[in-house]
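[1] Just to be clear, the model below is a prediction. Sequence and coordinates:
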Amino acid sequence: MTPSTPSTAQHSPSLAARIGRWSTRHRGMAISGWLAFVLIALVIGSAVGTVTPSDDNSGHGDSATADRIVDAANPDRAGETVLIQSKSAKTTTNDPAFRATIDDVVRGVSGQPGVVHVKSPYGAGNTGQISHDRRSALVSFDINGDSDLAEKRVDAVEAAVKAAAGKHPAMFVGQFGDASSDKALNKAFGDDFQQAGLLSIPVTLIILVLTFGALVAAGVPLLLGVTAVVGTIGLLGPISHLVSLNDFINEVVLLVGLAVGVDYSLFYLRREREEKARGHSSKDAVAIAAATSGRAVLISGFTVIAAMAGMLLAGDSTFTALGIGAMLVVFVAMIGSVTVIPALLSGSGKWMGRGRIPFLGKRMSAARTRDIDSGGRAWNLVLDAVLRRPIVSVIAATALLLLMASPVLHMHTADSGTEAIPRSLPIMKVYDKMQAAFPGGEIPADVVIKAKDVTSPRITAAVAALKRDALATGQVKEPVDVTVSADKTVMQVHLPILGSGTDTASNDALATLRGTVVPRFSERAGTKAYVTGMTAGSKDFNDLMKSRWPIVFGFVLSLAFLLLLMTFRSIVIPIKAIVLNLLSVGAAYGVLTWVFQDGHGEQLLGFQSTGSITSWLPMFLFVILFGLSMDYHVFILSRVREAFDRGMKTEDAVAHGIRTTAGTVTSAAVVMVAVFGIFATLSYLDFKMMGVGLATAILVDATLVRAVLLPATMKLLGDWNWYLPRWLEWLPDFTHERSAKAPDAPPVPVD
């Protein structure tokens, strides 16, 4: 068995080349067709609307079973609580001023639309709504309606509570609950995402202007990215009527769409400029770019889509929605890049250089001419050193990446819960006051019981014993509340537990309830009971992620291996690509753990560590990062294989491929790191984690992996990089078509 040799066969034009030729011959149709698609998608999406689930049906395990039982037995409703607290240590719930405040709150909320089940702390059996020091009390009630209706109705309720607070300045009066918190958090996160979206576009434009030195040329990649995002969001409208989507999907579409849209455009633009600098005509330069970079875009796009498809196997509706959004925007950006970009370039003439920035434009033009084959001074210095000492380079880079990844060995995942929400929000200040006065009251563990009659003597006696057993553990506190459905078939026992809801104390309390207290109740009552609530839901979701990650990882790696195997006709290339990508992802995980779990970035990024990484992030990051890192890998390897097929030695082909793609990889990586870095400035902790993880992985991938490990390992392997076992010779040959123009034509200045 021997390594394969350079291909000398004549190949028919690739799909990308054929699409590129069609686009250049039908420029008007290609450009107007793309704009029409974006406009039609946007109009259709606006007309049908985007449907988001009114209820959270993404639960798993026993907690999901309990939630379904409760939802089926009770009408839609949102639980709300008002905290009344004396500002003076001398005023207690026994004083007239305190009682008057509570009475005003009860009267104010009782008359509002949809408000039911108002419970005063002075009512019979409601003594648990008064704190032990008698300086705090709770008024609880429900707002009927699904989440959207309850969120609308809560405005009037909040106004009534605010009015009561205004009448009693000596008392603190604050509201917290399902509808009020949803309203406040949706606004806060919406403002955050709007700011991130508005910042990402000018930041991307500035970086592209620095790359090209001209406004028009810089605007093309940004235009493709933005239109791909807009078109995808429009398409998600009708899709949302078939598949449950969530609010976060638009942010993922923006992140991924802007990243790949800019990447794919840069692949085209830099190759077209490179070929023109070598003396090719504009028409020939576009044709070569379509046949080479266009092919790399298609390969990269399908590889990224395959990676994103891994989210469909996570077993969670939110991951399914995010996977659909990410896959769709990559496909749209890919189609746009292989059709619109050749059409724009074929008739660009000199207008691509318009809007040139004084001094910067001339400097960039001279740099492009000088660095067509050298790749730039910085990359040249690194590459020369790496190729001179490949063994040392591999050992040093691998050791550094493993060191960065080492904190992952003690990574702990958990739902961030309420601890991820910025405490500066007024709603969270109320929540913290409630938690201090009534620990666990707003995040109880709910024991759900279903029977023909939950008010039967046997079940009633068993519930009384359940309360005693739970309180006796010391992990459950008052007030213990019980609600019964109208048909008396479902009962909820609300048990306030210790901790923040997702910390060790809360999880220990959940384990006690599920392990001893609730099974003992089931024996007494003769019916099964389930535990739900924030802690139970978090635990069940975390368990799901741990059980699903081998499936998702195995699917993504296997599919990527097959795609790269068929693309490069080598069994070594896909294995090496997977190993290198896993190193960059591992390094990102390690940095994420060191910064957020261990708390080393608290002051810099403005957060308080929860001692864990949010449960959904590792799998999400793996899928996104593995897909995006393949962009660079496929792009560079395509240039290397192209040079090898034209007769270069592997070592020379590697040097040529790295140098000629250095500028593109650098520019694309800077854009990605900048955009992802913006998300690290958001107030919600989970999105800070996501931004840091994405930015770190892309930075590591574009530097240590692509500039050091990739060329060093390829030089060490030599021609064995292209090894394909004889029993796989039946694979179709997708090697690069040979250009009609010599690749080594002397460079000429590009205007």
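    Perfect, thanks for sending it.
[2] in the chain, which ranges drop under the pLDDT threshold?
    The chain contains residues with pLDDT under 70 at 1-13, 51-59, 75, 247, 347-376, 440-442, 732-751.
[3] domain assignment for it?
    15-48+213-415+539-728, 75-195 (automatic domain parsing).
[4] how far does the longest one stretch from start to finish?
    It refers to domain 15-48+213-415+539-728. Domain 15-48+213-415+539-728 has an end-to-end distance of 23 Å (criterion: C-alpha to C-alpha, to the nearest Å).
[5] Assumed D142 was part of a helix.
    No - counting by DSSP: H, G, I helix; E, B strand; the rest coil, D142 is not found in a helix; it is strand.
[6] closest one to H494 among the domains of the chain?
    Minimum separation from H494 across the domains of the chain (C-beta to C-beta) falls at domain 75-195, 9.3 Å. Bear in mind the C-beta positions are built from the backbone N, C-alpha and C, glycine included.
[7] Number of residues surrounding L694?
    27 (other C-beta atoms under 10 Å).
[8] give me the element it is part of.
    helix 685-700 (DSSP states H and E).
[9] could I get that helix in PDB with only the CA atoms?
    C-alpha atoms of helix 685-700 as PDB (Å, rounded to 0.1, in the frame of the first residue of the first chain):
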ATOM      1  CA  LEU A 685     -24.500  34.700  32.200                       C
ATOM      2  CA  ASP A 686     -25.300  31.800  29.800                       C
ATOM      3  CA  PHE A 687     -24.700  34.100  26.800                       C
ATOM      4  CA  LYS A 688     -21.500  35.400  28.200                       C
ATOM      5  CA  MET A 689     -20.400  31.800  28.400                       C
ATOM      6  CA  MET A 690     -21.400  31.200  24.800                       C
ATOM      7  CA  GLY A 691     -19.600  34.300  23.500                       C
ATOM      8  CA  VAL A 692     -16.400  33.500  25.300                       C
ATOM      9  CA  GLY A 693     -16.500  29.800  24.300                       C
ATOM     10  CA  LEU A 694     -17.100  30.600  20.600                       C
ATOM     11  CA  ALA A 695     -14.500  33.400  20.400                       C
ATOM     12  CA  THR A 696     -11.800  31.400  22.200                       C
ATOM     13  CA  ALA A 697     -12.300  28.300  20.000                       C
ATOM     14  CA  ILE A 698     -12.200  30.300  16.700                       C
ATOM     15  CA  LEU A 699      -9.100  32.200  17.900                       C
ATOM     16  CA  VAL A 700      -7.300  29.000  18.800                       C
END
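[10] V430: which of the domains of the chain is closest?
    Proximity to V430 (C-beta to C-beta) singles out domain 75-195 among the domains of the chain, at 3.5 Å.
[11] all helices for the stretch 451-600 of the chain, in order.
    For the stretch 451-600 of the chain, the helices defined by DSSP state H, counting those that start in this stretch occupy 457-472, 504-512, 518-525, 534-568, 572-592.
[12] buried stuff in the third one?
    What that stands for is helix 518-525. Neighbour-count burial for helix 518-525, counted by 16 or more other C-beta atoms under 10 Å, picks out V518, F521, R524, A525.
[13] any idea how far V518 lies from Q475?
    Remark: distance between V518 and Q475 (C-beta to C-beta, to the nearest Å) = 13 Å.
[14] same check, this time on A124
    According to C-beta to C-beta, A124 and Q475 sit 28 Å apart.
[15] Pick out whichever of these two has more residues nearby.
    Between A124 and Q475, counted using other C-beta under 10 Å, Q475 has the larger neighbour count: 23 against 6.
[16] The residue nearest to the more buried one when sequence neighbours are not counted - how many residues pack around it?
    Counting by C-beta to C-beta, 6 or more residues apart in numbering, A509 is the residue found nearest to Q475 once chain neighbours are left out, at 3.8 Å. Neighbourhood size, A509 [other C-beta under 10 Å]: 25.
[17] for W549, same thing?
    W549 has 16 neighbouring residues, counting by other C-beta under 10 Å.
[18] cool, and R25?
    Counted with other C-beta under 10 Å, the neighbours of R25 add up to 12.
[19] cool, and L39?
    For L39, using other C-beta under 10 Å, the count is 14.
[20] Could you do G718 as well?
    By the measure other C-beta under 10 Å, the count of residues near G718 is 13.
[21] From G499, how far off is it?
    Relative to G499, and taking C-beta to C-beta, G718 is found at 58 Å.
[22] D719 too?
    To G499, D719 is 60 Å away according to C-beta to C-beta.
[23] Show me which of the two is the more surrounded one.
    Shown here are D719 and G499; by other C-beta under 10 Å, G499 has more neighbours (20 against 15).
[24] sec struct for F176, please.
    Under three-state DSSP, F176 comes out as strand.
[25] what's across from it in the sheet?
    Using DSSP bridges, the bridge partners assigned to F176 are T81.
[26] show me what contacts it?
    E80, T81, L83, I427, V430, Y431, M434, E442 (C-beta atoms under 8 Å, 6 or more residues apart in numbering).
[27] can you give me phi and psi for the third one?
    The reference is to L83. Backbone torsions of L83, given as degrees, to the nearest 10, read phi -100, psi 130.
[28] Tell me, how many residues neighbour it?
    24.
[29] Against S120, how distant is it?
    For L83, the distance to S120 - C-beta to C-beta - is 14 Å.
[30] ditto for the first one
    As for E80, its distance to S120 is 14 Å (criterion: C-beta to C-beta).
[31] Looking at the two, which is more packed in?
    E80 (25 against 19).
[32] How about the contacts made by the more buried one?
    With contact set as C-beta under 8 Å, 6+ apart, E80 has these partners: 109, 140-143, 154, 157, 175-180.
[33] quick one: the closest residue to I459 other than its chain neighbours from S485, how far?
    Distances taken as C-beta to C-beta, 6+ apart place A525 nearest to I459, at 4.8 Å, with adjacent residues excluded. According to C-beta to C-beta, A525 and S485 sit 16 Å apart.
[34] Bridge partners for V482, pull those for me.
    Beta-bridge partners for V482, by DSSP bridges, are V493.
[35] Surely it touches L495?
    No - applying C-beta atoms under 8 Å, one finds V482 not in contact with L495, separated by 10.2 Å.
[36] Test my guess that G294 contacts A17.
    Yes - using C-beta under 8 Å, G294 is in contact with A17, at 6.7 Å.
[37] hang on, isn't F193 packed against V253?
    No - F193 is beyond contact range of V253, at 11.5 Å (criterion: C-beta under 8 Å).
[38] quick one on the thing from earlier: out of the contacts of F176, which are buried?
    E80, T81, L83, I427, V430, Y431, M434, E442.
[39] Same list, the residues you listed, but as JSON lines with distance to H656 please.
    Listed next are the buried ones among the contacts of F176 as JSON lines, based on distance: C-beta to C-beta, whole Å:
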{"residue": "E80", "distance to H656": "66"}
{"residue": "T81", "distance to H656": "67"}
{"residue": "L83", "distance to H656": "69"}
{"residue": "I427", "distance to H656": "58"}
{"residue": "V430", "distance to H656": "63"}
{"residue": "Y431", "distance to H656": "60"}
{"residue": "M434", "distance to H656": "65"}
{"residue": "E442", "distance to H656": "62"}
